[in-house]
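A.B. asks: The following block contains a protein sequence and its predicted model.
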Amino acid sequence: MNNKANPPVLEVLDYSLDYRTHAGPFSALRHINLEIARGEVLGLVGESGSGKTSLAWSIMRYLPGNAWEKTGAIRLSGEELLQKSEREMRAIRGGRMSMVFQDPSTSLNPTLSLGRQLSEVLVHHRGLTKRQAWAEAEARLAQVGLKTPAQMMHRMPHEASGGEKQRVVIATAFACDPELIIFDEPTTALDVITARQILDLLSELQAETGVAALYISHDLALVSRVARRVSVIYRGEIMESRDVESVFRRPEKDYTRNLIAAVPNPARRLAGPAPENTGRPLVEADKVTVQYGRSSFIGSLLGRQQDQVLGNNAVSLSIAPGEILGVVGESGSGKSTLAKALTGLNPFSGEVRFDGRTIRSPRDMDKAYRRDVQMIFQHPDASLNPRHRIAEILSRPLDLYGLVSGAAARNEKIGDLLEEVRLPRDYADRFPHQLSGGEKQRVAIARAFASRPRLVICDEITSALDVSVQASVVELLLELQRQTDTAYLFITHDLNLVRQIAHRIAVMYRGDLIEVVAADEIGSPERADYTRRLIDAVPTPPAVEAGS
Amino acid sequence: MIEILKRLLRTPQGALGSLIILLTIILVVFGPWLAPHDPQAMSPLARYKGPSADFWLGTDQYGRDILSRLLMGGQATVVMAVAATVLGTLFGALVGTTSAFLGGRADEAIMRTVDAVMSIPSLLFALLIVNLLGSSTFNALMAVAIAFAPGMARITRSVALTVRKQDYVSAAVARGEPSRFIIVREMMPNVVAPVIVEMTIRISFAIMLFATLSFLGLGAQPPSTEWGLMISEARAYMHRSPWMLVWPGIAIATVAIGFNLLGDGLRDALNPRT
């Protein structure tokens, strides 16, 4: 690969980086070796904290003040970047190499029009006049598949959708025909279908321009779609660096093998068989409608039209005792709104029938209902009060529903709850910030199960976790389900995961319930149009060889 | 706790502020024993004296030792200021957190009332209360506490609004916790950091406000050794002996600066991201 005729665009040689912290030096990257040839996409896969973003910033030469580069070299087309001054780098950044970030809504300046932001790059790096730059920018927007580039130029970032904004960011990155582009999880903040379109666009543009690309992601299945070669990074070290196929089929390192095994694969069912149809469902939602937006008193006096957003539009579904019902949909499809309506966090109209009782508003939810219906939230950091010890967090449901009496019995029960979610008993004395993300989510699960509920609503509970942690949390949930026969409403945007664990799947789109189908029938061609598009958009991991 | 203290002492403002406040506390607690003279003993032969070996900071119009009076008055001044601020902060924090938790119309009603109260300058408001209730030390304390509550309510509410959106509050609501528990146990501990910072800064305002009230003759009454009152009395003799005015002024300024620096230091110490 290292022949004289075609030198690599990016070359990272034996690069190590430390951060100086109060607790002593922290080693972020250790002896990294990478190279990307012209026209090649290299995938960089790692979990949070593995150092993948640090590496991106090292290449861009934009490191925080406490960074300390110990050894190594970073070369762009043979030129050493470590020796460039800040002034020289400013010309290279955005010109010869550029970067696309995760969240388009924060990487664009909200006070400048999209056209201005794009043409400024062209004026600055290519020395065009303002008029030329504007015309060129418009052409670039057309190139990234925006239908009305001329209008788009005048729009402000908040007037464009997430997908459109990411296209503008991509157009900006490609604007100066760079040699190298770094993509830092460019589709993570986008919806599944939009993400798919962006990925297709990237492959197209990349083939067209022959740019070298470093594609950073935590999602192995996704990387296998864009990159031919992949480097797996773990705790600042490259574990293996080979072509995607062989990494998937014959992983060399244990770490890579576990990582691949943890990637949800719809072909591998994890849940037990669906419960027998016993007739009466546990929960029935009957035309549950949620509207957001408060009606202003003065506004209604003046007879002004009230802006109300429909969160859920007459959603009707049912969950049988002991059943796992998956709910999937894009962000804003009303999944979480439904969960909040069922737990009394949102006012709703329509009816919820729970075990024969009819509930028409959050006011009808008494202690017995709340004990039977528990919710687990997405971010354990946010759902556990940072100022409470684990013991206090777990004791609340016990005290509130009068499940234990006496301090000794309570402490005993808290220990039992911790053991149930496979945490040591002495964690009771800790604060949430002393636990890792996965451990925190286990505490949240223990809290939900403390009252022996009959329905647990899981709202994206694994999406803030790394893949390997996600796998163990899911495994724990399924085990608890087998023991207690609790029904789950499992909300997620991860189709592969939900196909592994749910008995039935409800598909939602913009507040409407599209359909509810058995998990093994979701791939069939008779499904609703939207469901089929959703399934097509999700990258499935390549099959792993048996026995690996 | 120890971690916060360490971080506090690492910043120059925090270290200096802590030092000044520590000295102040020592002088306030042991002041009466340290005083070289009886603060009320008059000596007609030694009036309007400048600093000397006998009277370190000089004497006032009755020949009373200024140093002894300052040491005595520390208790009245500093303790009152801290008590009034703590009282006002607690009340304001409770109102602000409740308002943020309730939201909607209740929030509007509470906050507009707070706005109305805030539109009256705190000194005027304190004057009004003292005039209504009569001038005494306790009434002055209440006046300052009530005058501070609306501002604290506003600050607490802005912090509590972000806390309100956190999932642990949603989790508590979904669990069916009573509102009182959510406000006091779930939300209050999480708004405490910015409120404490604001409180330390406000203590210096309270000292000045008390001094002003005493200066206007509405707080402590002679022959009390309250610092503001000392300045008020000294004003009449300013031209015969400036020392009478300067020393209590320096004392007030030092304590105020001390609390301000401590507040600055705490702000950095309680926010690990800076």
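C.D. replies: Happy to help now that I have it. Numbers count the residues shown, from 1 in each chain, chains lettered A, B, ... in the order given.
A.B. asks: For chain A, which helix or strand comes out least confident on mean pLDDT?
C.D. replies: helix A:297-301 (a mean of 64; mean pLDDT, DSSP states H and E).
A.B. asks: Return the set of buried residues in the helix or strand that it is followed by.
C.D. replies: Where DSSP states H and E defines the elements, the next helix or strand beyond helix A:297-301 is strand A:309-319. Under the neighbour-count criterion of 16 or more other CB atoms under 10 Å in any protein chain shown, strand A:309-319 has A:310, A:311, A:312, A:313, A:315, A:317, A:318, A:319 buried. C-beta here means a position set from N, CA and C on the backbone, and glycine is covered the same way.
A.B. asks: Direction included, what does strand A:309-319 pair up with?
C.D. replies: With DSSP bridges as the test, strand A:309-319 is paired with strand A:283-292 (antiparallel).
A.B. asks: which other residues reach the partner strand?
C.D. replies: Residues from elsewhere that reach strand A:283-292 (CB atoms under 8 Å, 6 or more residues apart in numbering or on different chains): A:308-319, A:334, A:337-338, A:340-342, A:346-355, A:373, A:455, A:487, A:489.
A.B. asks: do stretch A:261-278 as well
C.D. replies: Applying CB under 8 Å, 6+ apart, the external contacts of stretch A:261-278 come out as A:220-221, A:320-324, A:467-468, A:470-471, A:474-475, A:478, A:481-482, A:494-497, A:499-504, A:518-519, A:523, A:540-541, A:543-544.
A.B. asks: Among these, name the buried ones.
C.D. replies: Using 16+ other CB under 10 Å, the buried members of the contacts of stretch A:261-278 are A:220-221, A:320-324, A:467, A:470-471, A:474, A:478, A:481, A:494-497, A:499-504, A:519, A:540-541, A:544.
A.B. asks: for the chain, which spans come out with low pLDDT?
C.D. replies: I went with chain A, as the question did not name one. Scanning chain A for pLDDT under 70 picks out A:1-6, A:277-278, A:293-308, A:542-548.
A.B. asks: ah, no, chain B please
C.D. replies: Looking at chain B by pLDDT under 70, you get B:1, B:271-274.
A.B. asks: tell me the secondary structure for the residue most central in space within it?
C.D. replies: Nearest to the mean C-alpha position of chain B, counting by CA atoms, centre = their mean, stands residue B:203 at 2.3 Å. Under DSSP: H, G, I helix; E, B strand; the rest coil, the three-state class of residue B:203 is helix.
A.B. asks: Isn't it up against residue B:82?
C.D. replies: Yes: with contact defined as CB atoms under 8 Å, residue B:203 reaches residue B:82; the gap is 5.8 Å.
A.B. asks: Name the helix or strand for the nearest residue to residue B:120 once chain neighbours are set aside, please.
C.D. replies: In this structure, residue B:120 finds its nearest non-sequential neighbour in residue B:128, 7.6 Å apart by CB to CB, 6 or more residues apart in numbering or on different chains. Following DSSP H and E, one finds residue B:128 within helix B:122-133.
A.B. asks: Repeat that for residue B:172.
C.D. replies: Assigned by DSSP H and E, residue B:172 belongs to helix B:167-175.
A.B. asks: before we move on, the earlier item: right, and the helix or strand after the helix holding residue B:128?
C.D. replies: Toward the C-terminus, helix B:122-133 is succeeded by helix B:137-164 as the next helix or strand (DSSP H and E).
A.B. asks: Can you list the buried residues in that next one?
C.D. replies: Buried-residue list, helix B:137-164, by 16+ other CB under 10 Å: B:137, B:139-157, B:159-161, B:163-164.
A.B. asks: Against residue A:131, how distant is the residue nearest to residue B:160 when sequence neighbours are not counted?
C.D. replies: Spatially, and ignoring its direct neighbours in sequence, residue B:160 is nearest to residue B:100 (3.5 Å; CB to CB, 6+ apart). From residue B:100 across to residue A:131, the span is 51 Å (CB to CB, to the nearest Å).
A.B. asks: So between the two, which is more surrounded?
C.D. replies: Taking neighbours as other CB atoms under 10 Å in any protein chain shown, residue B:100 and residue A:131 compare with residue B:100 leading, 26 against 9.
A.B. asks: Helix B:122-133 and the strand or helix carrying that one, what's the angle between them?
C.D. replies: If you go by DSSP H and E, residue B:100 is part of helix B:80-102. Interaxial angle, helix B:80-102 versus helix B:122-133 (axes from the mean of the first three to the mean of the last three CA atoms, to 10 degrees): 100 degrees.
A.B. asks: Which strands or helices does helix B:80-102 pack on?
C.D. replies: Applying 3 or more CB pairs under 8 Å, 6 or more residues apart in numbering or on different chains; DSSP states H and E, one finds that helix B:80-102 makes contact with helix B:104-118, helix B:137-164, helix B:188-215.
A.B. asks: Relative to chain B, how far out is residue A:81?
C.D. replies: In this view, residue A:81 and chain B are 29 Å apart by CB to the nearest CB, to the nearest Å.
A.B. asks: show me what contacts the closest residue to chain B within the stretch 51-200 of chain A?
C.D. replies: Nearest residue of the stretch 51-200 of chain A to chain B, counting by CB to the nearest CB: residue A:64, 12.7 Å away. Listed by CB under 8 Å, 6+ apart, the contact set of residue A:64 reads residue A:19.
A.B. asks: same deal with residue B:268?
C.D. replies: Neighbours of residue B:268 in contact, by CB under 8 Å, 6+ apart: B:7, B:8, B:11, B:13, B:14, B:274.
A.B. asks: Can you go through these and name the buried ones?
C.D. replies: B:7, B:8, B:11, B:13, B:14.
A.B. asks: Mind checking which of these are in strands?
C.D. replies: Assigned to strands by DSSP state E, none of the buried ones among the contacts of residue B:268 qualify.
A.B. asks: of all those, which two lie farthest apart?
C.D. replies: Using CB to CB, the two most remote members of the buried ones among the contacts of residue B:268 are B:7 and B:13, lying 12.0 Å apart.
A.B. asks: ok so, going back, return the helix holding residue B:128 as PDB; C-alpha atoms alone will do.
C.D. replies: Provided in PDB are the C-alpha atoms of helix B:122-133 (Å, rounded to 0.1, in the frame of the first residue of the first chain):
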ATOM      1  CA  SER B 122     -34.800  46.700  48.800                       C
ATOM      2  CA  LEU B 123     -33.700  49.600  51.000                       C
ATOM      3  CA  LEU B 124     -37.100  51.300  50.500                       C
ATOM      4  CA  PHE B 125     -38.800  48.100  51.200                       C
ATOM      5  CA  ALA B 126     -36.900  47.500  54.400                       C
ATOM      6  CA  LEU B 127     -37.600  51.100  55.400                       C
ATOM      7  CA  LEU B 128     -41.300  50.500  54.900                       C
ATOM      8  CA  ILE B 129     -41.400  47.300  56.900                       C
ATOM      9  CA  VAL B 130     -39.300  48.800  59.800                       C
ATOM     10  CA  ASN B 131     -41.600  51.900  59.800                       C
ATOM     11  CA  LEU B 132     -44.700  49.700  59.900                       C
ATOM     12  CA  LEU B 133     -43.400  47.300  62.600                       C
END
